[in-house]
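Student: model this:
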Amino acid sequence: MTTILDGKALAAKTDENTKIEIQDLADRGIIPGLVVILVGHDEASQLYVRNKDKRARKMGIHSVVRNLPETITEEELIQIIHSYNADPTINAILVQLPLPAHINEFHVTTAIAPQKDADGFHPVNLGKLIVNRTEQTPIACTPAGIMKFFKAYHISLDGKKAVVVGRSTIVGKPMAALLVNANATVTIAHSHTKKLSELTQEADILVVAVGVAHFIKAVDVKNGAVVIDVGMDRDAQHKLVGDVDFDEVKNKAAYITPVPRGVGPMTISMLMAQTVSLTKWSSEQNG
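Tutor: The predicted model follows:
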């Protein structure tokens with residue numbers, strides 16, 4: 001029987017634990033501060049930012065949304081980031097991706113102070129993840145949320161064969177590192193991978209993050225696999241679907257995340273939790 005991994009329920013439980021930490025900080029006169037910087041008017045990005053802001057405010061986090069015009073220069077954006085690096089009321093900085101084509105994403109990511117890196121994308125933090133030295137280190141929120149699924153549902157990773165389809169810095173690469181650190185044997189597949197289906201058919205753990213609706217079919221999945229769908233796509237009827245054909249694959253998988261109510265809610269919950277962690281780490285360092 002297939003187990004549906006309920007991201008909404010797990011996110012609610014995660015948020016309850018985060019609220020306790022927020023209250024503990026509040027009792028000491030500390031309010032976690034998160035700024036989300038949005039450049040331009042991408043509809044999907046605006047929706048994500050609204051959801052993040054709503055969740056943060058509801059939980060007692062000081063939330064700032066900085067809307068910037070698409071015409072802003074890279075230099076101007078970096079100056080704004082530096083101002084938040086120096087702002088003691090802000091503990092976590094997130095720049096919503098994607099950015100306009102004229103702005104270099106790497107330059108922007110590296111402008112964020114590593115100790116305020118809400119997304120865990122700074123090269124310093126990614127480097128710590130690779131060498132498995134992640135004490136007081138932020139980790140990309142989506143992969144971190146996926147690891148919570150494995151823990152909550154008692155899914156063992158030790159010695160398992162894992163395939164990550166997608167090699168982005170947002171999901172694929174940090175996900176692979178987390179799986180390696182958990183003693184899985186990991187393959188990263190991407191657009192240049194030959195005979196992809198043969199690889200995915202061998203996976204005990206399959207994580208899919210390619211941004212193509214229903215990219216993975218039942219034929220691509222091993223019986224009894226754990227299938228994690230990171231996709232947030234729209235089908236021909238404009239319905240929200242994932243990278244995995246859920247209706248097909250659920251009959252073969254032992255565990256599977258739905259879309260919606262799967263990975264998405266956990267990504268936002270991990271952002272809230274990480275904002276609180278960054279705040280705690282900062283307060284400890286500052287005495």
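Student: pull the longest helix from the protein.
Tutor: In the chain, taking DSSP state H as the definition, the longest helix is helix 263-285.
Student: and that one, what's buried?
Tutor: For helix 263-285, a neighbour-count test (16 or more other CB atoms under 10 Å) marks 263-282 as buried. Bear in mind the C-beta positions are built from the backbone N, C-alpha and C, glycine included.
Student: what do you get for stretch 50-62?
Tutor: Those would be 52, 53, 55, 56, 59, 60, 61, 62, for stretch 50-62 by 16+ other CB under 10 Å.
Student: any idea how far the first one is from residue 62?
Tutor: So that's residue 52. 13 Å (CB to CB, to the nearest Å).
Student: now do the third one
Tutor: Noted for residue 55: a distance of 13 Å to residue 62, by CB to CB.
Student: closest one of the buried residues of stretch 50-62 to residue 101?
Tutor: Of all those, residue 52 has the smallest distance to residue 101: 23.8 Å, by CB to CB.
Student: low-scoring stretches of the stretch 101-250 of the chain, by residue?
Tutor: Of all residues in the stretch 101-250 of the chain, none has pLDDT under 70.
Student: so where do the helices sit in it?
Tutor: Secondary structure of the stretch 101-250 of the chain (DSSP state H, counting those that start in this stretch): helices located at 105-111, 123-130, 141-152, 172-181, 196-200, 246-249.
Student: and the strands in this protein, which stretches?
Tutor: For the chain, strands defined by DSSP state E occupy the ranges 3-4, 33-39, 62-68, 92-95, 161-165, 185-189, 205-208, 226-229, 233-234, 240-241, 255-256.
Student: and of those, who's closest to residue 122?
Tutor: That would be strand 92-95 among those, by CB to CB, at 10.0 Å.
Student: with adjacent residues omitted, what lies nearest to the residue positioned nearest the centre of the chain?
Tutor: What sits nearest the mean C-alpha location of the chain, by CA atoms, centre = their mean, is residue 142, with 1.9 Å. Nearest residue to residue 142, sequence neighbours excluded (CB to CB, 6 or more residues apart in numbering): residue 267, at 4.7 Å.
Student: so what are the domain limits for this protein?
Tutor: Under the assignment automatic domain parsing, the domains of the chain span 29-114, 141-264.
Student: which one of those is the most hemmed in?
Tutor: domain 141-264 (a mean of 19; mean count of other CB atoms under 10 Å).
Student: any idea how far it is from the chain center?
Tutor: Centre-to-centre, domain 141-264 and its host chain are 13 Å apart (CA atoms, centre = their mean, to the nearest Å).
Student: now do the same end-to-end measure for it.
Tutor: 10 Å (CA to CA, to the nearest Å).
Student: cool, stretch 148-167 as well?
Tutor: 20 Å.
Student: likewise for stretch 234-252?
Tutor: End to end - CA to CA - stretch 234-252 spans 23 Å.
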